[in-house]
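Visitor: Provided below are the primary sequence and the corresponding predicted coordinates.
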Amino acid sequence: MERPSLSNESEYPTDEVLAKHLGKAKPAWDTFAAGIKAEYGEAALEWRYYHDGKAWLCKVVHRKKTVCWVSIWERCFKVAFYFTEKNDRDIEALPIPSALKAEYRAHAPIGKLKPLVVAVKTRKSVEPVFVVATYKSGLK
């Protein structure tokens, strides 16, 4: 099974480390990070090493609420949002690619939560992330 790239606990995910793993997807990361900071502020991106998954993950926070989780992979990054069943109808109405909606519908719940995961390789593929993040940050 594939695993996130940032597995070295002693190697904090600096800009240089991210560039090494993301390669051509680094401009997409820069667009994502700049957009998150502009919308939610500098403190919105929280990097932590998680021992259970043995990888660094970035939590995007808005007013103490987790908006999404980001994992770094070789040549891309994945942004995961988690929703409850009551959000299903709203997800279907979002202006995001139908393939993302289909993956969301097909994914089995993890407990009471269902993930919507966006794999980002290009700047264009960042657009749906901001659509979903705006929706998620507006939930109570």
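Guide: Alright, I've got the coordinates.
Visitor: Could you list the low-pLDDT ranges of the protein?
Guide: Along the chain, the model assigns pLDDT under 70 to residues 1.
Visitor: how about the strands of it, start to end?
Guide: Remark: strands assigned in the chain by DSSP state E are 45-50, 55-62, 65-73, 76-83, 114-120.
Visitor: Count the residues that sit near residue 45.
Guide: For residue 45, the number of neighbouring residues by other C-beta atoms under 10 Å comes to 17. C-beta coordinates here come from the backbone N, C-alpha and C atoms, glycine included.
Visitor: In JSON lines, list the strands of the chain along with distance to residue 139.
Guide: Compiled in JSON lines, those are given as follows (distance: least, C-beta to C-beta, whole Å):
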{"stretch": "strand 45-50", "distance to residue 139": "19"}
{"stretch": "strand 55-62", "distance to residue 139": "10"}
{"stretch": "strand 65-73", "distance to residue 139": "8"}
{"stretch": "strand 76-83", "distance to residue 139": "8"}
{"stretch": "strand 114-120", "distance to residue 139": "13"}
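Visitor: Of all these, which one is nearest residue 25?
Guide: Nearest to residue 25, of all these, is strand 76-83, at 5.0 Å by C-beta to C-beta.
Visitor: Just checking: what are the partner strands of the closest one?
Guide: Strand pairing for strand 76-83, using DSSP bridges, gives strand 65-73 (antiparallel), strand 114-120 (antiparallel).
Visitor: of the ones you listed, which approaches residue 13 most closely?
Guide: Residue 13 lies closest, by C-beta to C-beta, to one member of the strands paired with strand 76-83: strand 65-73, at 6.7 Å.
Visitor: what's the distance between that closest one and the middle of its chain?
Guide: Centroid separation between strand 65-73 and its chain, computed with C-alpha atoms, centre = their mean, to the nearest Å, is 4 Å.
Visitor: coming back round to it: can I get the strands paired with strand 76-83 in JSON lines including distance to residue 12?
Guide: Formatted as JSON lines, the strands paired with strand 76-83 follow (distance: least, C-beta to C-beta, whole Å):
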{"stretch": "strand 65-73", "distance to residue 12": "12"}
{"stretch": "strand 114-120", "distance to residue 12": "21"}
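Visitor: which one of those strands lies closest to residue 92?
Guide: strand 114-120 (11.2 Å).
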